[in-house]
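> I'll drop the sequence and a predicted model, then ask my questions.
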Amino acid sequence: MTARPLARLSAVVRDTSESIVAVFANRNLARMQVALLASLVGDLAFATAVTVWAFGVGGASAVAVLTAARLAAAALTAPFAAALTDRVSRRATLLATLGVRAVLIAAAAILLLVEVASPWPVYLLAAAAGVLVAPFRTAQRAWMPTLATHPRELAASNATSGTLESLAVFVGPALGGLLLFVASVPAVFGVTVVALLIAMVAVVVIRPPVRANPVALASPEEPAGLVRELSAGFRTIFGDSDLRLITAQVCAQTFIGGASKVFLVVIAVQILGTGAEGVGLLEATLGIGALLGGIIAIARASRQRLGWDMTLGILLWSVPLLLIAVFPHLSVVIAVLVIVGAANPVVDINLDTIVQRMTPENRMARVFGALDTCYITTQALGSLAMVPLLDLVGLSWSLVIIAVPVAVGALLSLGRMRRMDARLRAPESLGLLLGIPWFASLTPATQETLARALTRSEVPAGTEIVTRGDDGDELYVIEAGTVEVTQDGRVLRTQGAGTFFGEIALLYDTPRSATVVALTDATLLALHRDDFLAAVTGVSRSLAEDVATTRLAFRG
């Protein structure tokens with residue numbers, strides 16, 4: 001191996017290890033990762049068992065109908081669950097979805113053990129349990145920005161979550177497939193229940209930091225009403241051209257994902273030659289690729305090329321399927337599934353980070369809920385469309401028909417995604433803002449919003465920036481230079497880069513308490529009153545008032 005590949009491999013290993021260490025140093029993020037992994041392993045093992053059981057009962061049509069019914073129900077309920085999540089504790093949402101899923105799956109296992117005559121009760125319980133997966137993921141993704149302490153930590157945490165999800169994509173189906181060979185479908189259901197209980201324990205011990213309430217900063221108070229509540233996520237998406245674009249792209253990808261629930265079973269029967277039980281092995285192969293993709297995604301998280309990487313992942317989800325269409329052989333299937341599996345975390349990780357960085361905190365769950373509705377709907381359509389396609393044109397042409405439009409759309413969007421990456425770069429002034437205690441307690445997304453709201457001005461030496469007795473509309477942060485704070489001709493203090501002034505008039509709605517003059521040429525960053533007051537609520541306001549009280553005690 002030459003020096004350059006070795007250096008690249010070393011960089012990937014270094015970046016990956018640094019990101020994972022940073023995430024697990026945050027105990028709350030670490031506990032959330034455990035909850036996510038346990039939930040996903042259980043859910044994927046359960047999904048594998050249900051697929052095999054449904055195929056045995058009614059063939060490929062039964063798999064398609066069950067998948068579509070579960071996804072359709074999830075799509076319809078996702079906005080309600082997301083609206084509720086934005087109004088109640090996200091911990092409560094996580095615990096409720098985990099607990100109810102455990103009960104439903106346990107009931108399905110009991111029905112199979114007593115050999116119930118009709119499969120429909122098991123169908124209904126399995127579909128109901130599947131409905132609750134989306135609200136769990138919505139609440140988990142919406143809570144992550146609050147648990148993270150910095151935008152880069154949030155990106156690293158999403159990358160770690162994606163890697164663990166990749167691990168689950170391998171472990172869950174492999175575990176389910178193994179138990180199906182050596183035990184039974186009810187045994188897989190029982191393992192899923194245990195995994196969900198482990199996830200509940202991990203959620204219970206999360207202790208989120210006390211943060212300021214960012215709702216006022218995110219948007220003005222919204223009019224009440226059920227329709228507006230449920231549509232808030234959709235309105236946010238359709239009001240932002242970048243969010244519309246990524247939603248369309250991932251909907252195309254999830255259409256293929258839904259179709260894969262059917263065509264993987266056909267591949268297992270026609271190419272692998274194992275019968276329907278072999279679908280677990282194919283899912284596990286996807287998981288192996290997903291592990292590799294997760295490592296790559298973690299290593300690239302610090303580069304912040306979110307849109308570009310997500311689009312690359314969508315291309316890798318679609319183009320390789322054409323190889324199976326042309327060369328339907330076992331070795332090709334394995335290679336393609338590894339590539340597609342690697343693409344999955346690249347799409348999911350970057351998607352989550354993009355949404356978390358662009359979305360107001362008070363609408364976070366509803367935006368994720370709206371996305372889930374869109375994605376789940378396209379998954380259901382993909383699952384339903386695959387059955388008639390297979391009947392009409394066979395496996396190879398079906399793969400061509402679903403893969404080519406997705407690949408073309410991704411290629412055409414690359415220019416837009418590059419421009420979106422420029423929008424997502426952290427503002428240069430963010431570091432200065434984080435040096436102010438009450439802003440450091442805000443969520444990363446809110447900090448970035450505030451940093452973008454700062455206006456820069458150059459002030460010559462001798463300029464009177466603030467005059468005692470005047471009305472005050474702005475807080476000032478000194479980026480460079482030195483200022484002098486006086487009151488009635490008496491010097492109170494001299495301030496330099498990284499410090500701030502002007503908060504007293506804004507906090508107490510009083511005239512300026514002192515005069516501030518630039519001793520040297522200075523660069524100032526100004527934050528308007530409305531943005532400042534919206535940000536400093538709760539804990540942040542208490543910290544700001546402590547500073548203001550101290551300054552007033554020394555007369556300004």
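Great, that's in hand. All of these numbers come straight from a predicted model, not from anything done at the bench.
> by contact count, what packs against the helix or strand where residue 479 lies?
Residue 479 belongs to strand 474-480 when assigned by DSSP states H and E. Packing contacts for strand 474-480, counted by 3 or more C-beta pairs under 8 Å, 6 or more residues apart in numbering; DSSP states H and E, involve helix 430-434, strand 500-501, helix 503-508, strand 522-528, helix 529-535. For every residue, glycine as well, the C-beta is placed using N, CA and C.
> how about those, which one is nearest residue 83?
Evaluated with C-beta to C-beta, the helices and strands packed on strand 474-480 place helix 529-535 nearest to residue 83, the distance being 22.5 Å.
> Report the distance from stretch 186-205 to the chain centre.
Mean-position distance between stretch 186-205 and its chain equals 22 Å (C-alpha atoms, centre = their mean, to the nearest Å).
> my bad, stretch 434-454
That offset, for stretch 434-454, works out to 20 Å (C-alpha atoms, centre = their mean).
> Just the element for residue 245, please.
helix 241-267.
> Who are the packing partners of that helix?
Using 3+ C-beta pairs under 8 Å, 6+ apart, helix 241-267 is in contact with helix 27-87, helix 226-238, helix 279-301, helix 306-318, helix 330-358, helix 364-412, helix 414-424.
> quick check: angle from that helix to helix 330-358?
160 degrees (axes from the mean of the first three to the mean of the last three C-alpha atoms, to 10 degrees).
> Which one of the helices and strands packed on helix 241-267 lies nearest to residue 106?
Short answer: helix 27-87, nearest of the helices and strands packed on helix 241-267 by C-beta to C-beta, at 11.2 Å.
> after that closest one, next one along is what?
Using DSSP H and E, the helix or strand that follows helix 27-87 in sequence is helix 90-113.
> going on from that following helix, what's the next piece of helix or strand?
helix 120-131.
> Tell me which residues of that following helix come out buried.
122, 123, 125, 126, 127, 128, 129, 130, 131 (16 or more other C-beta atoms under 10 Å).
> Send me it as PDB with only the CA atoms.
Only the C-alpha atoms of helix 120-131 are listed here, as PDB (Å, rounded to 0.1, in the frame of the first residue of the first chain):
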ATOM      1  CA  TRP A 120     -55.100 -11.500  11.000                       C
ATOM      2  CA  PRO A 121     -54.600 -10.800  14.700                       C
ATOM      3  CA  VAL A 122     -50.900 -11.300  14.300                       C
ATOM      4  CA  TYR A 123     -50.900  -9.100  11.200                       C
ATOM      5  CA  LEU A 124     -52.700  -6.300  13.100                       C
ATOM      6  CA  LEU A 125     -50.400  -6.500  16.200                       C
ATOM      7  CA  ALA A 126     -47.300  -6.500  14.000                       C
ATOM      8  CA  ALA A 127     -48.600  -3.500  12.000                       C
ATOM      9  CA  ALA A 128     -49.400  -1.600  15.200                       C
ATOM     10  CA  ALA A 129     -46.000  -2.200  16.600                       C
ATOM     11  CA  GLY A 130     -44.400  -1.000  13.400                       C
ATOM     12  CA  VAL A 131     -46.400   2.200  13.500                       C
END
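> Cool, thanks, talk later.
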